[in-house]
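Q: here are the coordinates; sequence isn't available:
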């Protein structure tokens with residue numbers, strides 16, 4: 001019995017020892033597997049470069065920022081709601097359209113907010129105000145949060161864009177920018193994002209898009225994608241989550257899916273360092289459309305801009321393009337010196353180009369040796385080595401760099417299987433001086449091949465309306481007709497027309513509306529027609545305009561004018577432009593629109609503000625009277641972006657645009673003139689693909705001649721009495737079509 005018990009005890013001990021050994025072995029294997037797996041409860045560490053940090057204000061975590069955020073009082077909230085109701089009910093020009101198209105009633109919602117004002121906590125109040133304005137689906141008409149929200153951006157250290165792959169084409173999402181060094185070495189530029197916080201990425205984008213105010217589905221979708229990773233809290237509440245978890249595939253599209261967790265961080269748009277970055281929105285709730293304009297600027301009340309889009313463009317530049325920020329600062333520091341040098345350089349090259357034309361020794365333009373190759377970066381070695389005397393300014397090659405680098409992001413020549421063409425990327429019309437901007441584009445056009453131009457305005461949220469409408473004339477020999485703008489007819493807008501000089505042109509129409517019951521005033525141009533035709537055609541080659549749903553407001557108007565005047569072909573990466581058809585005023589302009597003693601507009605406390613579409617725009621030409629709002633511009637062809645486009649300087653997009661240009665007719669008209677003692681003018685004309693030349697003096701035809709390709713000289717007698725200020729213009733026709741024009745001083 002004892003021996004049996006001993007044997008059982010030994011057997012139990014051995015079994016226990018085996019189990020213990022197995023547990024230890026299993027534990028070691030589990031710990032080894034745990035070490036090999038990523039820790040999803042730990043966020044990816046991000047180390048921003050010194051160059052990027054120099055562009056940002058203080059960087060902090062989202063919880064730290066929210067802890068320091070202030071609170072609005074009950075009286076402040078009441079003022080905000082009351083001012084919003086006055087503005088929308090009595091000045092918002094799109095109110096009838098938005099009520100009909102989107103089945104909304106913002107005025108009733110504001111009444112309900114006022115009634116329930118005491119029931120909201122801070123976030124709920126701002127969320128309700130934002131929601132009311134977002135549902136207008138109007139990027140011009142916004143509620144802008146008070147400080148500290150209005151001067152801060154919540155961000156993740158990467159940017160996501162979409163493209164199309166496979167057959168049939170499927171939408172995929174690719175990381176295209178990363179700021180700083182990440183502790184996850186696998187998360188890099190080019191990876192495919194498949195899930196966002198466990199939600200399929202396409203669904204996550206659509207959910208986010210519904211919170212955005214784009215006027216059409218294309219615009220809302222783009223807004224939803226862009227605000228996934230960067231959010232300006234002036235118009236968007238802080239993210240609900242403190243971090244996001246991303247599931248992604250390697251850049252080659254094969255291999256195991258991985259996950260990475262990123263914490264939301266916050267930076268200020270008002271850096272304290274020496275970066276020189278002009279923020280798109282200053283503190284105190286001031287809208288982005290006034291950031292570059294002085295209080296007396298004549299265009300200050302003639303703005304068309306997506307303020308949130310412009311703010312996010314600036315934020316992405318601060319995060320991902322420190323070299324571009326440094327270039328912007330350098331040109332800003334040079335100031336008038338840069339503008340003067342650019343004018344001098346352009347004048348000298350223009351004279352040389354005319355001389356070569358007349359001698360028949362070279363094609364128009366400066367040729368490829370003076371234009372940077374797209375993708376090599378501005379100021380590449382080829383451009384610098386070929387730069388003529390006078391091109392250098394404080395180490396900057398003006399043949400390869402714009403004096404407005406924040407406006408003209410990139411330019412140069414592109415060589416494709418279809419030929420060599422010019423390329424310009426204009427990312428904003430929010431310019432400090434309209435004349436300087438147009439002159440700089442003219443200078444760059446002279447540097448580029450004259451066989452065809454790709455003008456890329458994707459993502460351009462607008463700016464000064466005159467900058468867009470004034471640029472159209474440089475691309476066509478036709479007379480430009482600016483868009484028409486209308487006010488909504490209410491007792492308040494009538495009072496504003498009677499008291500405000502900027503609205504006085506609409507006064508008579510507003511007064512007539514009392515009798516005829518018109519919903520809107522008559523349409524009048526904001527940009528003077530004389531200004532839109534003061535320069536004339538500069539570039540005579542065919543033009544392809546590239547647009548997307550990020551083209552908004554002034555850029556919508558530019559695109560509409562381009563289409564309405566039949567300047568060239570529009571290639572869109574989406575089915576519509578952003579569809580912003582209005583002139584926008586912020587609340588501060590409304591306050592200044594009337595004498596204080598009769599004005600219903602009162603200062604808004606706490607730094608909050610509003611923006612409102614006050615004058616709607618309508619198109620000209622064949623679409624005369626058609627509104628831009630909600631409709632936008634439909635391109636001639638929709639092009640789906642490829643992965644190579646996102647990661648390799650739009651290479652496929654440019655190939656497609658070049659193929660379109662190659663199929664378009666080209667023409668050339670170069671003219672010199674010299675006045676004789678008897679008042680007549682000797683003219684020498686160089687033509688290509690032009691059949692007839694008409695000469696006009698002061699707008700009156702004084703000579704006509706049939707021509708063939710080559711050079712012809714003739715004398716033109718001037719009518720009497722001569723008009724000293726009259727201009728001399730030479731127009732080239734192919735059949736009955738006006739295809740080129742040159743203006744000269746008589």
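A: Nice, I can see it. The shown structure was predicted, so the numbers you read here are calculated from the model rather than taken from an experiment.
Q: and the helix or strand that contains residue 412, what's buried?
A: Assigned by DSSP states H and E, residue 412 belongs to strand 408-416. Residues of strand 408-416 classed as buried by neighbour count (16 or more other C-beta atoms under 10 Å): 408-414, 416. Bear in mind the C-beta positions are built from the backbone N, C-alpha and C, glycine included.
Q: and which of those residues is nearest to residue 139?
A: Nearest to residue 139 among those, counting by C-beta to C-beta, is residue 409 at 21.0 Å.
Q: that closest one contacts residue 425, doesn't it?
A: Yes - with contact defined as C-beta atoms under 8 Å, residue 409 reaches residue 425; the gap is 4.5 Å.
Q: circling back: tabulate the buried residues of strand 408-416 (a markdown table), appending distance to residue 462 and pLDDT.
A: Shown next, in a markdown table, are those (distance: C-beta to C-beta, whole Å; pLDDT from 0 to 100):
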| residue | distance to residue 462 | pLDDT |
| --- | --- | --- |
| 408 | 16 | 96 |
| 409 | 15 | 95 |
| 410 | 19 | 93 |
| 411 | 20 | 94 |
| 412 | 25 | 94 |
| 413 | 28 | 94 |
| 414 | 26 | 95 |
| 416 | 30 | 94 |
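Q: which one of those residues is nearest residue 348?
A: Each of the buried residues of strand 408-416 was checked against residue 348 using C-beta to C-beta; the closest is residue 411, at 19.1 Å.
Q: how far away is residue 398 from residue 447?
A: 9 Å (C-beta to C-beta, to the nearest Å).
Q: repeat for residue 117
A: For residue 117, the distance to residue 447 - C-beta to C-beta - is 59 Å.
Q: got any ranges where the chain has weak pLDDT?
A: Filtered on pLDDT under 70, the chain yields the residue ranges 1-41, 270-298, 353-390, 720-726, 746.
Q: what do you get if the cut-off is 80, keeping everything else the same?
A: Applying pLDDT under 80 to the chain flags residues 1-41, 57, 252-254, 270-300, 348-391, 718-726, 745-746.
Q: quick one: residues contacting the residue nearest the centre of it.
A: Using C-alpha atoms, centre = their mean, the residue of the chain that lies closest to the mean C-alpha position is residue 460, 1.6 Å off. For residue 460, the contact set (C-beta atoms under 8 Å, 6 or more residues apart in numbering) comprises 426-429, 550-552, 555.
Q: could you pick out which of those residues are located in strands?
A: The members of those that map onto strands under DSSP state E are residue 426.
Q: can I get the contacts of residue 460 in JSON lines including neighbour count and distance to residue 597?
A: JSON lines is the format used below for the contacts of residue 460 (neighbours: other C-beta atoms under 10 Å; distance: C-beta to C-beta, whole Å):
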{"residue": "426", "neighbour count": "28", "distance to residue 597": "44"}
{"residue": "427", "neighbour count": "22", "distance to residue 597": "43"}
{"residue": "428", "neighbour count": "30", "distance to residue 597": "38"}
{"residue": "429", "neighbour count": "30", "distance to residue 597": "37"}
{"residue": "550", "neighbour count": "26", "distance to residue 597": "43"}
{"residue": "551", "neighbour count": "33", "distance to residue 597": "42"}
{"residue": "552", "neighbour count": "32", "distance to residue 597": "37"}
{"residue": "555", "neighbour count": "32", "distance to residue 597": "39"}
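Q: to which secondary structure element is residue 492 assigned?
A: helix 491-499.
Q: past that helix, which element shows up next along the chain?
A: According to DSSP H and E, the helix or strand after helix 491-499 is helix 507-516.
Q: what's that following helix packed up against?
A: helix 491-499 (3 or more C-beta pairs under 8 Å, 6 or more residues apart in numbering; DSSP states H and E).
Q: return the set of buried residues in the helix it packs on.
A: Buried, per 16+ other C-beta under 10 Å, within helix 491-499: 492-497.
Q: what's that helix in contact with?
A: Contact with helix 491-499 is made by 86, 90-91, 487, 503-504, 506-507, 510-511, 513-514, 521, 593-595, 598, 600, as judged by C-beta under 8 Å, 6+ apart.
Q: can you turn the buried part of those residues into a PyMOL selection?
A: To isolate the buried members of the contacts of helix 491-499 in PyMOL, using 16+ other C-beta under 10 Å:
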select buried, resi 86+90+91+487+503+506+507+510+513+521+593+594
